[in-house]
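Asks: prediction below, plus the sequence it came from.
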Amino acid sequence: MIDWLQHSTPGLLTLAAVSIAVLLVMIIRFKTEPFIALIIIGLLTALAAGLPVGTIVGTAQKTSDSLLEKGFGGILGHIAAIIGLGTLLGAILEKSGGARVLTGALLRAFGEKRAPLAMGLAGLIFGVPVFFDIGIFVLAPLVYVAARQGGRSLLLYCLPLLAGLSMTHAFIPPHPGPVAAAGLLHVDLGWIILMGAVCGLPAWFLAGVVFPSWIGKRMNIEVPAEMIVDSDGDEGPGPSLGLVSAIIAVPLVLILAGTFGSIWLPKNSVPAGVAAFVGTPAVALTIAVLLASWLLGTRRGMTGKELSALSAAALRPVAMLLLVVGAGAFFGAVLSATGIGKAVADSLQAGGLPVIAAAYVISCGLRLAQGSATVAIVTTGGIVAPSVAELGYSQAQLALIVVAIAAGSIIASHVNDGGFWIVSRYFGLTVGETLKTWTVLETILSLSGFAMAAILMAVV
């Protein structure tokens, strides 16, 4: 029995299935912190598969070659700086009033009739540097104002915004999900930005423009009375629209320049070296953070002490997120070392199910079961990474697999997802109304994003 479990394809697949099932039970039933649950399951899976203790945790004299340390260190060394710097950039943009300036400019440019589209674009643009929930906290008051002025259902204004924030959070670096998946599957972030945008923008249009236009005419939701607050007028002038837009664009442009400069520029040339340096994600984001700190902080009267306090407050929630990603990478390293990844790859090939479809289905299942998009992405990435490594995919194809994983991680947001309750609370929706609107929006975004990735996978 033990030999069958450790060395046969059916046994390894059974071990993988049991491991994931126990992981979900720990998280859902016993409310175990995901990062602790992932470590426990990773250790138990490695022991059950017969890996030597020294391979799993190292020895008293040396632990650097252990699966535990390499699993954690490999991914965190890749993403920790990126996620931290991205968080700082978003915090400075938020504090400076950049969101208010951006949204106000879009509302004026598009006019009252197209205010929903303006809110959607605000979500797309401001969603690049800020986390999903922060985007809601900052932009929700502007949604209330636009909805009151327009006299139409709140859904016509909040759903486009939510779709924009959700799309960028799921598909576009420097958000944790796509960055973590890129690290696990060894994909350049420039390709993730490109494929995330190509797949995500049509998905956003369906979920954030077409669907809200339909549902907003059938459900009239008024602005919650407790959210109606008269402006006191002392917010002060914000930064210029051009400055805000430029700072948001800087890291994306630099990363893309680094990715495609290595392809188009002569090898070992000075321009190629410059593009590679400034296009390194951590360097690109450092440049953006320094620019934001000076142009939106120091020049507008913020002291060094205030910037430091803002940074500390912004980075505090990132710690647990990084631990979850590190633990998920350790679990993935165990799956690779035990041979489970190869067994999964062989089974997919035998069953005729493409890896991109399998990745999407696994991510969807994990998302539906435990609610966290990050846990779904990290766990799925760990499961499929060993399979992907053996199939010789190009960077573009790997990026599309990352998009598929990210798309699966946002499907059918329901009561086990914190985002579900944030949306319900901030926009005064009942549970039933949230299921009919937000949950459907996320499902449309997921399915259409995956459909685009699958179509492109067939031609690249």
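Replies: Alright, I've got the coordinates.
Asks: check contacts around the nearest residue to Gly339 once chain neighbours are set aside.
Replies: The shortest distance from Gly339 to any non-neighbouring residue, by C-beta to C-beta, 6 or more residues apart in numbering, is to Leu12 (5.8 Å). The C-beta positions use only the backbone N, C-alpha and C, and glycine is treated the same way. Leu12 makes contacts with 5-6, 49, 338-340, 343, as judged by C-beta atoms under 8 Å, 6 or more residues apart in numbering.
Asks: and Gly408, by the same measure?
Replies: 359-364, 366-367, 376, 380, 446, 450.
Asks: in stretch 108-127, what counts as buried?
Replies: Buried residues in stretch 108-127, counted by 16 or more other C-beta atoms under 10 Å: 110, 115-127.
Asks: out of those residues, which is nearest to Gly42?
Replies: Gly127 (32.2 Å; C-beta to C-beta).
Asks: measure how buried the residue lying closest to the closest one once chain neighbours are set aside is and give me the count.
Replies: Closest residue in space to Gly127, ignoring its immediate chain neighbours: Thr168 at 3.4 Å, by C-beta to C-beta, 6+ apart. A count of nearby residues for Thr168, using other C-beta atoms under 10 Å, gives 26.
Asks: ok, Thr168 touching Ala197?
Replies: No - Thr168 lies out of contact with Ala197 (C-beta atoms under 8 Å); the separation is 9.2 Å.
Asks: my guess is Ser387 contacts Val355, does it?
Replies: Yes - at 6.1 Å, Ser387 counts as touching Val355 under the criterion of C-beta under 8 Å.
Asks: of these two, which one has the most company?
Replies: The neighbour count for Ser387 versus Val355, taken as other C-beta under 10 Å, is higher for Ser387 (24 against 20).
Asks: specify the local secondary structure of that one.
Replies: helix (DSSP: H, G, I helix; E, B strand; the rest coil).
Asks: which one of the contacts of Leu12 is nearest Ala407?
Replies: Taking C-beta to C-beta as the measure, Ala407 lies nearest Ile340 of those, at 23.9 Å.
Asks: now that closest one: how far from Trp4?
Replies: With distances taken as C-beta to C-beta, to the nearest Å, Ile340 is found 14 Å from Trp4.
Asks: between the two, who's got more neighbours?
Replies: Taking other C-beta under 10 Å, Ile340 and Trp4 do not tie; Ile340 has more neighbours (27 against 11).
Asks: so who does that one touch?
Replies: 12-13, 15-16, 45, 49, 386.
Asks: now those: which count as buried?
Replies: By 16+ other C-beta under 10 Å, the contacts of Ile340 give 12, 15-16, 45, 49, 386 as buried.
Asks: sorry, back to before: got TSV for the contacts of Ile340, with secondary structure and distance to Gly419 too?
Replies: Putting the contacts of Ile340 into TSV (DSSP: H, G, I helix; E, B strand; the rest coil; distance: C-beta to C-beta, whole Å) gives the following:
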residue	secondary structure	distance to Gly419
Leu12	helix	35
Leu13	helix	32
Leu15	helix	32
Ala16	helix	28
Thr45	helix	29
Ala49	coil	35
Pro386	helix	30
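Asks: tell me the one of those residues nearest Ile92?
Replies: Pro386 (39.0 Å).
Asks: all strands for the stretch 301-450 of the chain, in order.
Replies: Assigned by DSSP state E, counting those that start in this stretch, the stretch 301-450 of the chain shows no strands.
Asks: tell me the centre residue of the chain?
Replies: For the chain, Gly177 is the residue whose C-alpha lies nearest the centre (C-alpha atoms, centre = their mean; 3.2 Å).
Asks: nearest residue to Val460 other than its sequence neighbours?
Replies: Closest residue to Val460 apart from its sequence neighbours, by C-beta to C-beta, 6+ apart: Ala396 at 4.7 Å.
Asks: got a list of what Ile92 touches?
Replies: 289, 292-293, 296-297, 307, 310.
Asks: where are the low-confidence patches of the stretch 101-250 of the chain?
Replies: The model of the stretch 101-250 of the chain has pLDDT under 70 over residues 225-236.
Asks: all helices for it, in order.
Replies: 115-126, 132-150, 155-171, 176-185, 189-205, 211-215, 241-264 (DSSP state H, counting those that start in this stretch).
Asks: ok, the stretch 351-460 of the chain next?
Replies: Secondary structure of the stretch 351-460 of the chain (DSSP H, counting those that start in this stretch): helices at 355-370, 373-389, 395-408, 418-426, 431-434, 440-457.
Asks: identify each buried residue in stretch 441-459, please.
Replies: 441-454, 456-457.
Asks: any idea which of these is closest to Pro251?
Replies: Among the buried residues of stretch 441-459, Gly449 lies closest to Pro251 (C-beta to C-beta), at 22.2 Å.
Asks: wait, that closest one touches Thr168, no?
Replies: No - applying C-beta under 8 Å as the test, Gly449 and Thr168 come out as separate, 11.8 Å apart.
Asks: return stretch 373-385 as PDB; C-alpha atoms alone will do.
Replies: The C-alpha coordinates for stretch 373-385 follow below in PDB (Å, rounded to 0.1, in the frame of the first residue of the first chain):
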ATOM      1  CA  ALA A 373      -8.100  34.300  -4.400                       C
ATOM      2  CA  THR A 374      -4.500  34.400  -3.200                       C
ATOM      3  CA  VAL A 375      -4.700  30.900  -1.700                       C
ATOM      4  CA  ALA A 376      -6.300  29.600  -4.900                       C
ATOM      5  CA  ILE A 377      -3.600  31.100  -7.100                       C
ATOM      6  CA  VAL A 378      -0.700  30.000  -5.000                       C
ATOM      7  CA  THR A 379      -2.000  26.500  -4.400                       C
ATOM      8  CA  THR A 380      -2.900  26.100  -8.100                       C
ATOM      9  CA  GLY A 381       0.500  27.400  -9.200                       C
ATOM     10  CA  GLY A 382       2.200  24.900  -6.900                       C
ATOM     11  CA  ILE A 383       0.100  22.100  -8.400                       C
ATOM     12  CA  VAL A 384       0.600  22.900 -12.100                       C
ATOM     13  CA  ALA A 385       4.200  24.300 -12.000                       C
END
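Asks: would you turn the contacts of Ile340 into CSV with distance to Leu93?
Replies: Converted to CSV, the contacts of Ile340 look like this (distance: C-beta to C-beta, whole Å):
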residue, distance to Leu93
Leu12, 47
Leu13, 46
Leu15, 46
Ala16, 42
Thr45, 41
Ala49, 46
Pro386, 38
